[in-house]
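K.L.:
structure for this input, please:
(one chain, ligands or ions: 1)
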Amino acid sequence: MTGKNNFDVIIIGGSYAGLAAAMSLGRALRRVLIIDSGKPCNRQTPHSHNFLTRDGSTPAEIAAIGKEQVLKYDTVQFYTGLATRGVKTETGFEIGTDKGDTFSGTKLIFATGITDEQPAIPGFAECWGISVIHCPYCHGYEVKQEKTGILANGDMAFDFGKLISNWTDELTIFTNGASTLTPEQMEKLAQHNIAVVEKVITKVEHDKGYVRQLVFEDGRTFALRALYARVNFTQHCDISVQLGCELTEQGYLRVDAMQKTTVPHVYACGDNSSMMRSVANAVSTGTLTGAITNKDLIDESF
Ligand SMILES: Cc1cc2nc3c(=O)[nH]c(=O)nc-3n(C[C@H](O)[C@H](O)[C@H](O)COP(=O)(O)OP(=O)(O)OC[C@H]3O[C@@H](n4cnc5c(N)ncnc54)[C@H](O)[C@@H]3O)c2cc1C
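P.N.:
Predicted coordinates for the structure are as follows:
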């Protein structure tokens, strides 16, 4: 695919949110281009859970079924590549890619997800999404009542500890350095048999991503089956910000209840604009975004 094409809508990001938006738009007879670089955030996870009808499927299977169903609509086209450039034009937007192609569209949807920043602990990144997990609703059931750790400090450690105590009684919080938990929080955690370890972690030892033990600065170890962690994130794609879209204090694209960003004719859905990180939420917000984008196109031309 080369050269310019005037699409009704360009969707950057062709994972769950982008495909769901394309489904709504394709069924609304809109000419849609999805541009996708094939790097969803959950690609290292062996099984995805808690998405109705696909519980336990691999992330790639869910996306492949979605893509097949969406591309049955002949108004939807899928372009494999990285969007690298975006500019506002008189009639909409022009998007350039790493392959040197340029596309134009009236409306623009960002379904680009976020990038998780892995802490510099050897072994951590290899276990990410396999036994180092971010969300109990996605993976907690599979490690229920197992020896489990939480890598966090302060208020986040306390809140995470309280939440995860729903899934296991064998819980330890690792603050990876001096604890910033308050005495009241420490007391409450102790009442629930949640220990706090302040040692600095030097390594996560694992078998093909399945954690065996944490190794500390003093050479001692702690055996575990699962480690919960919330890591920092950045937007996977910064074209939205270059176009002037505002971010929230947490770093999400700011959207209203209709998934509209702060820039007219630009929408966002999925992980890039929501704290509720799940395939179901990506599909839900994507579906809404497609419908709202179509409604705006109708309103503007009727
Ligand atoms: C490790 C892990 C495990 C998870 N497990 C589960 C689970 O079991 N169940 C569950 O419901 N949820 C799970 N989640 C959450 C779920 O994966 C996300 O909520 C979901 O993937 C968000 O979908 P999305 O379409 O918004 O973003 P993503 O799936 O991250 O997709 C974003 C897409 O945009 C593309 N993209 C980004 N920038 C560009 C660009 N400039 N040009 C072209 N393409 C671009 C990327 O390549 C990617 O394909 C997990 C998340 C993680 C990190």
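K.L.:
tell me which element Gly149 is part of?
P.N.:
strand 148-151 (DSSP states H and E).
K.L.:
show the average pLDDT along that strand.
P.N.:
Across strand 148-151, pLDDT averages out at 98.
K.L.:
next secondary structure after that strand?
P.N.:
Going down the chain from strand 148-151, the next helix or strand is helix 154-164, by DSSP H and E.
K.L.:
before we move on, what SS does Ile298 have?
P.N.:
helix (DSSP: H, G, I helix; E, B strand; the rest coil).
K.L.:
list the contacts of Asn281.
P.N.:
By Cβ atoms under 8 Å, 6 or more residues apart in numbering, the residues touching Asn281 are Gly270, Ser274. C-beta here means a position set from N, CA and C on the backbone, and glycine is covered the same way.
K.L.:
could you redo the last one with a cut-off of 6 Å?
P.N.:
By Cβ atoms under 6 Å, 6 or more residues apart in numbering, the contact set of Asn281 is Ser274.
K.L.:
about what we covered before: so which elements touch the strand holding Gly149?
P.N.:
strand 171-174, strand 226-229 (3 or more Cβ pairs under 6 Å, 6 or more residues apart in numbering; DSSP states H and E).
K.L.:
let's see 8 Å
P.N.:
helix 154-164, strand 171-174, strand 226-229 (3 or more Cβ pairs under 8 Å, 6 or more residues apart in numbering; DSSP states H and E).
K.L.:
name every strand pairing with it and say which way it goes.
P.N.:
Within its sheet, and counting by DSSP bridges, strand 148-151 is paired with strand 171-174 (parallel), strand 226-229 (parallel).
K.L.:
so which of these comes closest to Asp74?
P.N.:
strand 226-229 (43.6 Å; Cβ to Cβ).
K.L.:
what residue in the stretch 151-300 of the chain comes nearest to the ligand?
P.N.:
Gly270 (2.1 Å; Cβ to the nearest ligand atom).
K.L.:
I figured that residue hits Ile109, correct?
P.N.:
No - taking contacts as Cβ atoms under 8 Å, Gly270 lies outside contact range of Ile109: 9.8 Å.
K.L.:
of those two, which one has the most company?
P.N.:
Higher neighbour count among Gly270 and Ile109: Gly270, with 34 against 31, using other Cβ atoms under 10 Å.
K.L.:
now mean neighbour count and mean pLDDT too, for the strands paired with strand 148-151, in JSON lines please.
P.N.:
Formatted as JSON lines, the strands paired with strand 148-151 follow (neighbours: other Cβ atoms under 10 Å; pLDDT from 0 to 100):
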{"stretch": "strand 171-174", "mean neighbour count": "23", "mean pLDDT": "98"}
{"stretch": "strand 226-229", "mean neighbour count": "24", "mean pLDDT": "98"}
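K.L.:
up against the ligand, what does the protein have?
P.N.:
12-18, 35-42, 45, 48-51, 82-83, 111-113, 116, 128-129, 134, 138-139, 236-237, 270-271, 277-280, 282 (Cβ under 6 Å from any ligand atom).
K.L.:
which ones among those map onto helices?
P.N.:
Counted as lying in helices by DSSP state H, out of the residues of the chain next to the ligand, are Tyr16, Ala17, Gly18, Cys138, His139, Val279, Ala280, Ala282.
K.L.:
need the buried ones from those selected in ChimeraX.
P.N.:
The following ChimeraX line selects those of those that are buried, judged by 16 or more other Cβ atoms under 10 Å:
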select :16,17,18,138,139,279,282
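K.L.:
from the ones in helices among the residues of the chain next to the ligand, which two are the most distant?
P.N.:
It's Gly18 and His139 that sit farthest apart of these, by Cβ to Cβ, at 23.6 Å.
K.L.:
quick revisit: nearest residue to the residue of the stretch 151-300 of the chain closest to the ligand in space, please, no chain neighbours.
P.N.:
In this structure, Gly270 finds its nearest non-sequential neighbour in Ala17, 2.8 Å apart by Cβ to Cβ, 6 or more residues apart in numbering.
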